[in-house]
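Undergrad: this one's sequence-less:
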Ligand SMILES: [Zn+2]
């Protein structure tokens, strides 16, 4: 089955699109290669619950004001944040302060956001560059990152002083919908997805509002997938270079496996790109993508090489500083993943650079 898109045309900035009864899509522009993030707004009876916020800044405030003029005339009472990245929680403190709204997010995400908030961008990028040097990033490329630190320096979020903790399996009620919190890993710690089983499942239909699913003849469940499941770009998988790497690729594959186990007709509302049907197909595509990336890297590792030394052959395009950082993190994540599953050996050279090599005895799986 192909993915299908019942709302192929996104709402313009400042416009709103009702994708399900009482559930609105708002598109917030981003000044990045990835040029937008989708917010979701629930009509929650007395107020509005907004899922994610866009980046901090006057632009976001402007577009949010425009959108609010078209949303039900109610105060924003809750801000629910999927994860700590600035495009998702950049405005959380301003909105919470202005409206007296509650902030809901996972404890790990809140912690990560607070750490970002208090980091000095200049020091941060220097430590990132140093961490990537251990994966072979050249002095020129390190300087390239440091020189462009200013491009992203205002992206860090401010965070309200308190929040309500979301845990895996929690149920959040928003309007007529009961939303189950599903944690995902590998993109950001304890990333929150929200699943509503639909009127046929656990969700109540008090107002009778849930009368059908877009583009389908009958009601089905929906998933607010955040960055865990996107229709056209593959989710960035990796840890920031200055964190311990862990095994984000394995964590991500396990997490999206959970999403693929949801009913096949689940309507997916992603943070980037258009809402779609076909979660299982998309997860299968992502599985192939990560496996293909592993095979490409394995093919390059007959001799010991570092992440930086194979980068150009894995990401065959021009990378801006932010993309270079993501690409390095993602390359390291895949190398660590393959090391853990026994495909590669890892060794640190006398120059302090970590290199990976294909195991001679590796049999094809
Ligand atoms: Zn993200």
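TA: Received, thanks. Note that the structure is a prediction, hence the values are computed from the model and not measured.
Undergrad: show me the contacts for the closest residue to the ion within the stretch 251-365 of the chain.
TA: Going by Cβ to the ion, the ion is nearest to residue 271 of the stretch 251-365 of the chain, at 7.1 Å. (Glycine included, C-beta is placed from N, CA and C.) The neighbours of residue 271, taking Cβ atoms under 8 Å, 6 or more residues apart in numbering as the test, are 37, 38, 52, 82, 87, 88, 225, 226, 227, 230.
Undergrad: Can you report how many residues lie near residue 349?
TA: Here the number of neighbours of residue 349 (other Cβ atoms under 10 Å) works out to 11.
Undergrad: Which residue, other than its chain neighbours, is closest to it?
TA: Residue nearest to residue 349 in three dimensions, not counting chain neighbours: residue 355, with 5.9 Å by Cβ to Cβ, 6 or more residues apart in numbering.
Undergrad: you'd agree residue 162 is up against residue 103?
TA: Yes: with contact defined as Cβ atoms under 8 Å, residue 162 reaches residue 103; the gap is 7.3 Å.
Undergrad: Same drill for the two, tell me which one is more crowded.
TA: Summary of the neighbour comparison: residue 162 and residue 103, criterion other Cβ under 10 Å, with residue 103 having more neighbours (22 against 9).
Undergrad: Buried residues, the helix or strand hosting the more buried one. List them.
TA: Counting by DSSP states H and E, the secondary-structure element that holds residue 103 is strand 102-105. Taking 16 or more other Cβ atoms under 10 Å as the basis for neighbour counts, the residues of strand 102-105 that come out buried are 102, 103, 104, 105.
Undergrad: Next, the contact list for residue 343, please.
TA: Contact criterion Cβ under 8 Å, 6+ apart gives 294, 298, 358, 359, 362 as the residues in contact with residue 343.
Undergrad: circling back: which neighbouring elements make contact with the strand holding residue 103?
TA: Helices and strands touching strand 102-105, as assessed by 3 or more Cβ pairs under 8 Å, 6 or more residues apart in numbering; DSSP states H and E, comprise strand 76-80, helix 92-99, strand 164-165.
Undergrad: Can you list the strands that the shortest one pairs with?
TA: In the sheet containing strand 164-165, its partner strands are strand 102-105 (parallel), by DSSP bridges.
Undergrad: Give the next helix or strand downstream of the longest helix belonging to the chain.
TA: If you go by DSSP state H, the chain has its longest helix at helix 279-300. On the C-terminal side of helix 279-300, the nearest following helix or strand under DSSP H and E is helix 307-314.
Undergrad: May I see the buried residues of that following helix?
TA: Neighbour-count burial for helix 307-314 flags 307, 308, 309, 310, 311 (criterion: 16+ other Cβ under 10 Å).
Undergrad: Quick check: the gap between the second one and residue 350.
TA: According to Cβ to Cβ, to the nearest Å, residue 308 and residue 350 sit 17 Å apart.
Undergrad: again with the last one
TA: Between residue 311 and residue 350 the distance, using Cβ to Cβ, works out to 22 Å.
Undergrad: now do the third one
TA: With distances defined as Cβ to Cβ, the gap from residue 309 to residue 350 amounts to 16 Å.
Undergrad: residues near the residue in the stretch 151-300 of the chain positioned nearest to the ion, how many?
TA: Residue nearest to the ion within the stretch 151-300 of the chain: residue 227 (3.9 Å; Cβ to the ion). Using other Cβ under 10 Å, residue 227 has 23 neighbouring residues.
Undergrad: so who does residue 44 touch?
TA: Going by Cβ under 8 Å, 6+ apart, residue 44 touches 74, 77, 78, 174, 175.
Undergrad: got a pLDDT number for whichever residue of the stretch 1-150 of the chain sits closest to the ion?
TA: Distance from the ion to each residue of the stretch 1-150 of the chain (Cβ to the ion) is smallest for residue 85, at 3.6 Å. Residue 85 carries a pLDDT score of 91 in this model.
Undergrad: Give the closest residue to it in space, chain neighbours not counted.
TA: Nearest in space to residue 85, with sequence neighbours left out and distances taken as Cβ to Cβ, 6+ apart, is residue 188 at 6.1 Å.
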